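**Q** What would the 3D arrangement of this be:
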Amino acid sequence: MKDCEKLKRMKKSSSPISKTESESQLDYWNRRARGDDRFKSIKSYLLISFFRTGFVGFNRIREYFYVNKNLIGTTVLDAGCGDGSFMSKLKKINKNSVFYGFDFSHYMIKHAKKRGMLCCVSNLTSINFRDETFDTSYAVRSLKNLLSWEMQKKALSEISRVTKYRVIIFDSFKFDDDISEKYNYFLDEKKLVETMREFGFVVMDKRFYDRKSSLNPFSSRNKELGGFVFNRKKEINE
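**A** As a prediction, this is how the structure comes out:
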C-alpha cells in the first residue's frame, strides 16, 4: 500500500519534549516489545495485572467492547497500535473492514506484522496518510504516552485530519493538574472536547469507568479510564 510505504519515510515532528525524554520513552516501549522489561515471567505479569485492574485483563475488555461497538465504515486506523493484538481482535469480528496501524516502536511493529496486520513505524504527531483516508480512527491508551498537552493536541490534529467520519479515544483522564507518571501524561477531558471541536468533531458519546471503587491498591484517585466518540460535524448535518 502506497500510504503505508510513505510512513516509512516519516517526517521529523517539532516536539516540545526533549530528545532525551523522547528516546527514553521509545526505549521503554522497545523493551516492553522485546520482553526484557520488568515483567520477566507470566506469573509476575498476571500478578501485576490483577492488582492494576481488579482482575486480569478487565480494562482491556472494556476498551475492546467500547471501540468495537462504535466502529463505523470499512477503513479503520489504529493510532498507536503497539504489538497489533488489539487490532487483530477487532479484525476477526469486523471481517468487512480493513484495519491499518502504526506505532513508533519498530519492535512493536515487528510483532504486529507477525500477526498479519497492515502497519508501519510512524509517530502520532506526524501521520503521513492523506486527509480523510479512514472512516474511523481510534487511539487506545496511546495519547497518554505523549508527555505534554502540546504533543497530545498535535496528535489529535493529525488523527482528525486523516479521519472522515469518526474518532474514538479511550485513555486515562486526570482530575489533578499535577498528576503524571514517568511514561504517562494523562488527558484532560475539557481540553480534549474543546480541541476536537476546533478540528471539526463533536462528542457523540462518552463514558467513564470508576477505577476508584475497584479493589486496586495501585490505582490513583486522581485519574480514571474514559471513552469518547467524536463525529465530524458535517456528517451530523447531512
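
**Q** S157: how many residues sit nearby?
**A** 15 (other Cβ atoms under 10 Å). Glycine gets a C-beta too; all of them are placed from N, C-alpha and C.

**Q** Apologies, that question was intended for K191.
**A** By other Cβ under 10 Å, neighbour count at K191 equals 13.

**Q** got a pLDDT number for it?
**A** What the model reports for K191 is a pLDDT of 95.

**Q** quick one, phi psi at it?
**A** When read as degrees, to the nearest 10, the backbone of K191 gives phi -60, psi -40.

**Q** Give me the nearest residue to it, chain neighbours excluded.
**A** Nearest residue to K191 in three dimensions, chain neighbours excluded: W149, at 6.4 Å (Cβ to Cβ, 6 or more residues apart in numbering).

**Q** looking at it, M151 is touching S126, isn't it?
**A** No - counting by Cβ atoms under 8 Å, M151 sits too far from S126 to count as a contact (10.8 Å).

**Q** If you count surrounding residues, which of those two has more?
**A** M151 (22 against 16).

**Q** Need the pLDDT of that one.
**A** For M151, pLDDT reads 93.

**Q** Would you mind giving both backbone torsions of it?
**A** phi -70, psi -40.

**Q** Now name the helix or strand holding L77.
**A** Here L77 sits within strand 75-79, counting by DSSP states H and E.

**Q** sorry, back to before: ok, the residue nearest to K191 - contacts?
**A** W149 sits next to 185, 188, 191 when contact means Cβ atoms under 8 Å, 6 or more residues apart in numbering.

**Q** Reformat the residues you listed as JSON lines; add distance to V67.
**A** As requested, the contacts of W149 are exported to JSON lines (distance: Cβ to Cβ, whole Å):
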{"residue": "Y185", "distance to V67": "22"}
{"residue": "D188", "distance to V67": "21"}
{"residue": "K191", "distance to V67": "22"}
